[in-house]
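# need coordinates for the following:
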Amino acid sequence: MTDTQASDPQVPVAAPAVLIVGTGAMASLFAGYLARSGQVAVTMAGSWPAGLEALQQRGVIVEDEAGTWSAPVSVLSFEAGLPTVGVPSYGARVPPAGHPTPVPFPLALVLVKSYQTAAAARRLQPLLAPGGLAISLQNGLGNDRRLARFLGRCRVNLGVTDCGATLIEPGRVRVGGLGITVLAACGVGRSPATEATDRVFGKSAPPRNDPTGTGLVWALADWLTAAGLEVEVLEDIRAAVWRKLAVNCAINANAALRGVVNGALLEDRVARASLCRAAREVGDVAAAGGVRLPGDPALAAIEVARRTAGNRCSMLQDLARGMPTEVDALNGAVVQLARRHGVPTPENERLWRAVRLAERRARQGAWPGRQRASRGSVEAGPAAAGADGADAWRPERATTGATGLGQALSTRAAGATRRGGLSWLSK
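Residues are numbered from 1 along each chain as shown. Next up is the predicted model:
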């Protein structure tokens, strides 16, 4: 920092830069809260023209219990070439940051659909600093492995979130719930290049001889907390990841195939039985891999379905729009891992294959549940053409996030040990 920067209040001190990969509902939620806190300079990256244009013109608009407010973000188009970063003109309610966001970025939050992870990782590769960290807050298994293929294992970390949001229109998000976000402490070896990056993060940076390099994770936790979000940092979050997976596998596929809201699954004897079997199978696979889930995962799924009774899950929305779902990273990933462990998962395999068939039929306009799912105010959303899943906006609503999982996500796996980074989650 120069003497001019220190003494002249008109020259802002550059805030640490955070890149949000994606421009959909969850990306907008995290970008909005982080940007409003003033702790960091936020840039949102994607390839959805309507979303990027809206964000550039007015920043992120957020509707929550406190009212409607806007927050300044910079935008970066994956399609416009790198490393161009635009500084938007903001709404009058939030002043501009006053300086461009630097590239490369020391920290990135990845918030795209699971099947878009590889494309997002390729585009993120030149944007992430050599000692930087990309943290996935996505659904399903395997996202860490896909990111690591392009970024390296030492630059990838994992988290799970209970926050939920609805994309009302490009750049405008409605908060459905601010649950807990759990981040994994970065326990992999970090290169010497991280020292310069970690110095950006002030008191949150680890000592120079700290082999774990947790400074970036703890800095993000501090910023999210300052933004009003509940955060935990755990050495081992496998139990939280797998319990969330069990709930998603049980609810999403069943609700999508039947074209119903979550709560309707509990009113149908056959659907409820399928939900319970799918959740318990996921628990069996987790146990075979050394992860013991506290309690009965079927009861966790029932409780979430009850608390989110009126919600239409994202998989149902995707089928209603004729778009790909995340079933391969949910039920499909469970089946693949189960085969390696010799664990039978007939219910998850049935659901996986049925959703894949429904995807094909929905693309052809022949899915029987499409008309039923589209009846009324189905909350659908951005199409999945680009790396941020929002290149062909349709004027329905898009609800994403794993609502009602706060208790599950806060569960600690006591005494568990980390093994070779985070890629074991998807092996």
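# which of the residues in the helix or strand in which residue 362 is found are buried?
Assigned by DSSP states H and E, residue 362 belongs to helix 346-363. Using 16 or more other C-beta atoms under 10 Å as the test for burial, helix 346-363 gives 347-352, 354-356, 358-359, 361-362. The C-beta positions use only the backbone N, C-alpha and C, and glycine is treated the same way.
# now distance to residue 158 and pLDDT too, for those residues, in JSON lines please.
Formatted as JSON lines, the buried residues of helix 346-363 follow (distance: C-beta to C-beta, whole Å; pLDDT from 0 to 100):
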{"residue": "347", "distance to residue 158": "26", "pLDDT": "98"}
{"residue": "348", "distance to residue 158": "22", "pLDDT": "98"}
{"residue": "349", "distance to residue 158": "25", "pLDDT": "98"}
{"residue": "350", "distance to residue 158": "28", "pLDDT": "98"}
{"residue": "351", "distance to residue 158": "24", "pLDDT": "98"}
{"residue": "352", "distance to residue 158": "23", "pLDDT": "97"}
{"residue": "354", "distance to residue 158": "29", "pLDDT": "97"}
{"residue": "355", "distance to residue 158": "24", "pLDDT": "97"}
{"residue": "356", "distance to residue 158": "26", "pLDDT": "95"}
{"residue": "358", "distance to residue 158": "29", "pLDDT": "95"}
{"residue": "359", "distance to residue 158": "26", "pLDDT": "93"}
{"residue": "361", "distance to residue 158": "34", "pLDDT": "89"}
{"residue": "362", "distance to residue 158": "30", "pLDDT": "88"}
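# dump the residues you listed into TSV; add distance to residue 181 as well.
Putting the buried residues of helix 346-363 into TSV (distance: C-beta to C-beta, whole Å) gives the following:
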residue	distance to residue 181
347	30
348	26
349	31
350	32
351	27
352	28
354	32
355	27
356	30
358	31
359	30
361	36
362	32
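# any idea how far residue 273 is from residue 266?
11 Å (C-beta to C-beta, to the nearest Å).
# neighbours of residue 287, how many?
Residue 287: 14 surrounding residues under other C-beta atoms under 10 Å.
# show me what contacts it?
By C-beta atoms under 8 Å, 6 or more residues apart in numbering, the residues touching residue 287 are residue 293.
# follow-up on the earlier one: out of the buried residues of helix 346-363, which is nearest to residue 332?
Using C-beta to C-beta, residue 352 comes nearest to residue 332 of the buried residues of helix 346-363, at 4.7 Å.
# for the nearest residue to that closest one once chain neighbours are set aside, grab the count of nearby residues.
Once flanking residues are discounted, residue 352 sits nearest to residue 331: 4.0 Å by C-beta to C-beta, 6 or more residues apart in numbering. Other residues near residue 331 number 33, with proximity taken as other C-beta under 10 Å.
# what's the spacing between residue 331 and residue 245?
On the measure of C-beta to C-beta, residue 331 and residue 245 end up 9 Å apart.
# confirm residue 134 sits in a strand?
Yes: according to DSSP: H, G, I helix; E, B strand; the rest coil, residue 134 belongs to a strand.
# doesn't residue 28 make contact with residue 46?
No: counting by C-beta atoms under 8 Å, residue 28 is not a contact partner of residue 46; they are 10.4 Å apart.
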